[in-house]
Structure formats: C-alpha cells, structure tokens
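Enquirer: Dropping a prediction and its sequence here:
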Amino acid sequence: MKSHVLDSTMLEAFESGVLNPLLNIVKRDRDLILEFRAHYATIYCKGHRMDIRQSGKYYEISADEKFLAEPKKLQSREGAEAFVKNVLPFVKQAIAEHRSARNEIECEQALIHANNADDLNTDYFAIDRQGYLGTDQDRIDVLGIYWPDHTSDKDVDLALIEVKFALSGKIGEVADQVTGYYNTLEKNIDGVAEEAQKLLRQKLRMGLITSASKDALAKLEKLRVSRDPKRVKIVLAMVDYNPRSTQLESELTKLGELQAARRLAHPIEVFHLGFGLWTKNARKVPALSAATA
C-alpha cells in the first residue's frame, strides 16, 4: 500500500522553510486545502490542483497551463511570498473562469475545509483526500477519523467518507462501491490506521486541523487510531441530491445489510449537504394552536 505521509524534508520546508508562505496562505484562504503525497504536496482549489515538488535546490510549483503557463521555481521564502502575492491570485481567477460547473471533487475539497478548518466543532476530521485503502485502485474520497466525544481518551475511529454530488457518480452502485472499500480496508486495517495516525499528527502539527478547542486538539495528537474494523465509521455525503430521485433507495437497504453482516459498531450514516432547497428535506416547525401561541 502506498503512503501519503509527507517526507521530513518537505514537512520542514512547510513549517519553517521555503514553503512556509504557501502553508500560511492555505490556512487563511477558504478556497484552498493542502494534501500530502509522500514526496510532494498538492494545493487544491475549487476542483483543480497545484503540485509542489522538490527539484534540486529549489521547489517547483506547477498546474494546468490554463492556470499557470509554466512552473514556478521557489528558492527562498521571499520567492514563495512573491508567488503568493503576485501569482496565486491570478491562478485562482483563471480557475474561477474555467470552471464550467460545480463538481464532486470541488465538493470534497469544501467538505474537508469546513470540517478541518471552520469553527464547527464537528464529529469528523478529514485526514486524506483520495486516501489509499489498499492498491492504487482502492481509494476512498475522504479518509478521516470519527471523534464525537472530544473529551474521550479512547482510540479514535477511522471514517470512510464517500461524496456524491447531485445525481452523478453512479449513485445506483454506491452500496457495492462502499462494500468494496470496506472489504479492502478490513484486509489492510493495520496499515491504513497507521497511515491515518501519521497523517493526522502531521496535519495537527502544521495547523491544518483547527476545528476544535486547543485542549481537544492537544489530546487528539496523542490518541491512537483504532485497528478494529468493526469500529470503522462509514458515511455517505450526498451533496445537493434531489430527494425526488429513487436512485438511493435500494442502496440504503444494501448498506443496511453490510452494517448487519459486519456487525459495525457505528451505524452507517447518510448526510444531505449543499445549497439545494427541497421541501422534502426540510425539518417542519411544530404547528401550535392559537391558544398555545
């Protein structure tokens, strides 16, 4: 199984070296997230990417030529600061102009940022986008941890988060997809948990996960990720899924069968997210009589 844990040289470059201005802008900018890829790192922006690689004595940042005509070489903090100030705004503007529509990848990135960096005090933290569960083909949209009790000293649980946008992404096959992910994870649980634990600690160390109290985050950095496959939390994040569609109904039954057959400690949950407003998804306010009112 491949590892995404960032090598120590690049980790130090982000923390206190040449790449520190890039880390700082990611922390300030809601449109950006930073993911680790072992010997390189990627900044994602609205469904697109900028890769950062070491090349000799400098770091090179590259993107699709529509956004960045040629790679930029960063040899000093001052050079990285100049990139952030003078180049990155134009890259972001080009990305905004070339986006034809919102897509699943952009939704994944927004979900990661919200749960990791917004002041939400959520039950989940994202550890790795497109995290490995086994072979190159076995990757989950978002590998995370499930930690609803921020006062607990127990091991935290792995979370498999699959994101679907609107009616795309083969929703009618999602139960088989998730079952396949779980089967792969079950065979590699020790390796995946170890990987998640290292990535979690790196992201906490770099200040990329802040959506909890300082005391909770300090505690989390010391906790172990559970190696028990029955404690894995499975989540479907349905972004702007039209409730009039019937594609999901039969899949929920299959997911229930997976939950029962594997005796999962946590129920599989389906979250409806996004900006689409459908009356069927609304929580109704209780009707009161005139006398009660």
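Expert: Arrived safely, thanks for sending. Residues are numbered from 1 along each chain as shown.
Enquirer: from the chain's centre, how far out does stretch 33-47 sit?
Expert: Between the centre of stretch 33-47 and the centre of its chain there are 11 Å (Cα atoms, centre = their mean, to the nearest Å).
Enquirer: quick one: average pLDDT of that stretch?
Expert: Taken as a whole, stretch 33-47 has an average pLDDT of 96.
Enquirer: repeat for stretch 162-171
Expert: Mean predicted confidence for stretch 162-171 is 93.
Enquirer: for it, which positions count as buried?
Expert: E162, V163, K164, F165, A166, G169, I171 (16 or more other Cβ atoms under 10 Å). In this view, the C-beta of every residue, glycine as well, is placed from N, C-alpha and C.
Enquirer: where's the residue nearest to the last one when sequence neighbours are not counted relative to R30, distance?
Expert: Nearest residue to I171 in three dimensions, chain neighbours excluded: Q247, at 4.3 Å (Cβ to Cβ, 6 or more residues apart in numbering). As judged by Cβ to Cβ, to the nearest Å, Q247 and R30 stand 31 Å apart.
Enquirer: And those two? Which one has more around it.
Expert: Set Q247 next to R30 and count neighbours by other Cβ atoms under 10 Å: Q247 wins out with 15 against 10.
Enquirer: would you list every one of the helices in this protein?
Expert: 8-16, 20-28, 77-82, 88-98, 104-117, 174-187, 189-205, 214-220, 249-261 (DSSP state H).
Enquirer: right, so of those, which gets closest to P243?
Expert: helix 249-261 (10.5 Å; Cβ to Cβ).
Enquirer: helices or strands up against the closest one?
Expert: helix 174-187, strand 233-239 (3 or more Cβ pairs under 8 Å, 6 or more residues apart in numbering; DSSP states H and E).
Enquirer: Quick one, which of those gets closest to R99.
Expert: strand 233-239 (15.7 Å).
Enquirer: What strands line up against that closest one, and which way round?
Expert: Sheet pairing for strand 233-239, assigned by DSSP bridges, gives strand 157-165 (parallel), strand 269-273 (parallel).
Enquirer: Nearest to K233, out of the ones you listed?
Expert: Between those, strand 157-165 lies closest to K233; by Cβ to Cβ that is 4.4 Å.
Enquirer: Tell me what angle the closest one forms with helix 174-187.
Expert: Calculated by axes from the mean of the first three to the mean of the last three Cα atoms, to 10 degrees, strand 157-165 forms an angle of 150 degrees with helix 174-187.
Enquirer: what are the C-alpha coordinates of strand 157-165, in CSV please?
Expert: Taking Å, rounded to 0.1, in the frame of the first residue of the first chain, the C-alpha atoms of strand 157-165 are listed here in CSV:
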residue,chain,number,x,y,z
ASP,A,157,-12.2,5.5,14.9
LEU,A,158,-11.4,5.5,11.2
ALA,A,159,-14.0,7.1,8.9
LEU,A,160,-14.7,6.2,5.3
ILE,A,161,-16.4,9.2,3.7
GLU,A,162,-17.8,8.8,0.2
VAL,A,163,-19.0,12.0,-1.5
LYS,A,164,-21.7,12.1,-4.2
PHE,A,165,-22.8,15.3,-6.0
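Enquirer: Off-centre distance for that strand?
Expert: 9 Å.
Enquirer: Same question for stretch 137-156.
Expert: 11 Å.
Enquirer: end-to-end on it?
Expert: Terminal residues of stretch 137-156 lie 26 Å apart, using Cα to Cα, to the nearest Å.
Enquirer: next one: stretch 40-53
Expert: Terminal-residue distance, stretch 40-53 (Cα to Cα): 5 Å.
Enquirer: Now render the strands paired with strand 233-239 as CSV, adding distance to L34.
Expert: As requested, the strands paired with strand 233-239 are exported to CSV (distance: least, Cβ to Cβ, whole Å):
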stretch, distance to L34
strand 157-165, 18
strand 269-273, 22
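Enquirer: Can you pull out the low-pLDDT segments for the stretch 51-200 of the chain?
Expert: 100-101 (pLDDT under 70).
Enquirer: ok, now which ones touch the most centrally placed residue in the chain?
Expert: By Cα atoms, centre = their mean, the chain has its centre lying nearest to I112, at 3.8 Å. Residues near I112 by Cβ atoms under 8 Å, 6 or more residues apart in numbering: I33, A126, R129, V142.
Enquirer: Dihedrals phi and psi, the residue lying closest to D155 once chain neighbours are set aside?
Expert: Excluding its sequence neighbours, the residue lying closest to D155 (Cβ to Cβ, 6+ apart) is S226, at 4.1 Å. When read as degrees, to the nearest 10, the backbone of S226 gives phi -60, psi 140.
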